[in-house]
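A.B. asks: sequence-free structure coming up:
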């Protein structure tokens, strides 16, 4: 099966209400007076990192990508559970893990360590506590809202391609946890840009049943000569959000578009319209 | 690195207090008036299942082994997060997953689905709610306690070896969730027997800083002619627990030993004494 088919089939299993229909990056679990936010992401050799990658960077990125999902929910770190497959550069993996956990004030709660053969895969479950309820979702964008992004897109792509000044954007992304918490009370929808700005904006529009019209002139890109690539590459982990026009934002952000009632296509980019996700960004599997 | 070295190194990272020093199968996370119990176990092709295994059994076992850790804490199911690597027999995997989640009243909360190359690995994070606090740990056994086990050991071994009447014990183990909840208020220590009775009893003795003396005549084994193997093979998932002598138990269990003050060796089996874990059971990695 491919990934969309598998996820569609998962939706026929017994789902927790907090699974949000498997339409979001996180589960939301109310518990007494608290609300937990939970996410689990895997990274596999060959798919998410190269066989010769510095394993300290892989460990950092495993933590950072999961915490970026929590950031988009405005959640505070509680702890992580690690699924580790033993192998090359385990000491380096531990160094990167240590740096990431310390940097993001995210302690280790537990996990599993296994021996295995062949290509390696790692899993991380990140647990956060909502700082604001209702927890922002992808699906709340409303006609009349503005669309903002907290930073440029394309740096991770340039870093992956070897441009030294952008290497850290690819190797050591930083989840925008403080920004997410500051924005959570103000936004109508929020998500992190992990699979490409166009694809993630399309997903927000579809989940919210609106049309999002992006202004190509307003989108901050790391290399204007590579505009089309920058808006399709993922791994930058800026926050994309919708908020009522005129909202006083607590941090600098780029207004890149506007939400309208659902038109013929969920996503517009200037004069271009996109009715499906094909060609918009990085689709796994 | 091997597994013990890796876990020892993890203990130098920032740990959550609920990680219990990474000495237990679960993390325990107090949150308001509730206490969450969290565990994450992985299964890898070649290490935990054969390349030609029925993937429905693999999915079932992935759920069951994680829930067995919750059972040993007396926890009630809340939900699971799945880390799935796409590949052979995904539809069968979904069938087994569906059966397990429905059987154990454990809904899906979320997770991640990835494409990857080579041998496959799966991860599952299970989240439970403590039904009794303090949550039973491995470390509470006290001199004078009795040692009990809720069922025989060795059935999974015989099933793995092809004995038809024991196949289900290996392929479709059943976590003792109701038994764990019934026992939690009464026990001084509890754990599931996943890596072999001798090794797991050794671990309980070491964590509790006591000596556990097992009576070989009293241990229920699936095949008395294979006694030494039965008490060293894992995968049976009975509950092993310590409780004050004379405790009125709410369910049938086999009293297999006694706790004494720490002597020269943590574990005795009749006249034999074991001062280290070597040769006691299944040690990964």
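C.D. replies: In hand now; what should we look at? Computed from a predicted structure; not experimentally measured.

A.B. asks: what about residue A:137, helix or strand, and which?
C.D. replies: Secondary structure from DSSP states H and E places residue A:137 outside every helix and strand.

A.B. asks: wait, what's in contact with it?
C.D. replies: Contacts for residue A:137 were tallied using CB atoms under 8 Å, 6 or more residues apart in numbering or on different chains; they are A:20, A:24, A:189-190, A:207. C-betas here are computed from N, CA, C, even on glycine.

A.B. asks: Repeat that for residue A:143.
C.D. replies: Here residue A:143 is in contact with A:210, A:259-261 (criterion: CB under 8 Å, 6+ apart).

A.B. asks: How about the secondary structure of residue A:13?
C.D. replies: What DSSP: H, G, I helix; E, B strand; the rest coil gives for residue A:13 is coil.

A.B. asks: Surely it touches residue B:99?
C.D. replies: No: taking contacts as CB atoms under 8 Å, residue A:13 lies outside contact range of residue B:99: 10.0 Å.

A.B. asks: Please, where are all the strands along chain A?
C.D. replies: A:27-31, A:34-44, A:75-85, A:108-114, A:121-130, A:145-149, A:189-192, A:210-214, A:239-244, A:254-261, A:267-269, A:272-274 (DSSP state E).

A.B. asks: In the first one, which residues are buried?
C.D. replies: For strand A:27-31, a neighbour-count test (16 or more other CB atoms under 10 Å in any protein chain shown) marks A:27-29, A:31 as buried.

A.B. asks: Mind giving me the packing neighbours of that strand?
C.D. replies: Counting contacts by 3 or more CB pairs under 8 Å, 6 or more residues apart in numbering or on different chains; DSSP states H and E, strand A:27-31 is packed against strand A:34-44, strand B:75-85, strand B:108-114.

A.B. asks: got it, and the second one?
C.D. replies: With contacts defined as 3+ CB pairs under 8 Å, 6+ apart, strand A:34-44 has these neighbours: strand A:27-31, helix A:55-71, strand A:75-85, strand A:121-130, strand B:75-85, strand B:108-114, strand B:121-130.

A.B. asks: and with 7 Å instead?
C.D. replies: Under the contact criterion of 3 or more CB pairs under 7 Å, 6 or more residues apart in numbering or on different chains; DSSP states H and E, strand A:34-44 touches strand A:27-31, helix A:55-71, strand A:121-130, strand B:75-85, strand B:108-114.

A.B. asks: Show the average pLDDT along it.
C.D. replies: Computed over strand A:34-44, the mean pLDDT rounds to 95.

A.B. asks: now the third one
C.D. replies: For strand A:75-85, the mean per-residue pLDDT is 97.

A.B. asks: ok, back up a step: just the buried ones among the contacts of residue A:143, please.
C.D. replies: Of these, these count as buried by 16+ other CB under 10 Å: A:210, A:259-260.

A.B. asks: Could you export these as a markdown table, including pLDDT and distance to chain B?
C.D. replies: Output for these, formatted as a markdown table (pLDDT from 0 to 100; distance: CB to the nearest CB, whole Å):
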| residue | pLDDT | distance to chain B |
| --- | --- | --- |
| A:210 | 98 | 24 |
| A:259 | 98 | 26 |
| A:260 | 98 | 30 |
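
A.B. asks: of these, closest to residue B:174?
C.D. replies: Among the buried ones among the contacts of residue A:143, residue A:210 lies closest to residue B:174 (CB to CB), at 47.0 Å.

A.B. asks: for that closest one, what are its contacts?
C.D. replies: A:141-143, A:259-262 (CB atoms under 7 Å, 6 or more residues apart in numbering or on different chains).

A.B. asks: switch to 8 Å and redo it
C.D. replies: A:141-143, A:259-262, A:266.

A.B. asks: any idea how far it lies from residue A:231?
C.D. replies: Note on residue A:210: its distance to residue A:231, by CB to CB, to the nearest Å, is 19 Å.

A.B. asks: again with residue A:86
C.D. replies: 39 Å.

A.B. asks: Mind checking which of these two has more residues around it?
C.D. replies: residue A:231 (23 against 18; other CB atoms under 10 Å in any protein chain shown).

A.B. asks: So the more buried one versus chain B, what's the distance?
C.D. replies: Remark: distance between residue A:231 and chain B (CB to the nearest CB, to the nearest Å) = 23 Å.

A.B. asks: in terms of contact, does that residue touch residue A:199 like I think?
C.D. replies: No: contact between residue A:231 and residue A:199 fails when scored by CB under 8 Å: they sit 9.3 Å apart.

A.B. asks: shaky segments in chain A?
C.D. replies: Counting by pLDDT under 70, the low-confidence segments of chain A come to A:282-285.

A.B. asks: Domain map for it?
C.D. replies: A:3-130, A:145-274 (automatic domain parsing).

A.B. asks: ranking those by burial, who's on top?
C.D. replies: Greatest average neighbour count among these goes to domain A:3-130 (a mean of 21), per mean count of other CB atoms under 10 Å in any protein chain shown.

A.B. asks: Give me the distance from that domain to the chain's centre.
C.D. replies: In terms of CA atoms, centre = their mean, to the nearest Å, the centre of domain A:3-130 is set 12 Å apart from its chain centre.

A.B. asks: Could you do stretch A:120-139 as well?
C.D. replies: Offset of stretch A:120-139 from its chain centre (CA atoms, centre = their mean): 10 Å.

A.B. asks: List the contacts of the residue most central in space within chain A.
C.D. replies: Centrality entry for chain A: nearest residue to the mean C-alpha point is residue A:192, 3.6 Å, by CA atoms, centre = their mean. Counting by CB under 8 Å, 6+ apart, residue A:192 touches A:25, A:68-69, A:71-72, A:175-176, A:200, A:237-240.

A.B. asks: Tell me the one of the residues you listed nearest chain B?
C.D. replies: Here the nearest of these to chain B, counting by CB to the nearest CB, is residue A:25; it sits at 8.2 Å.
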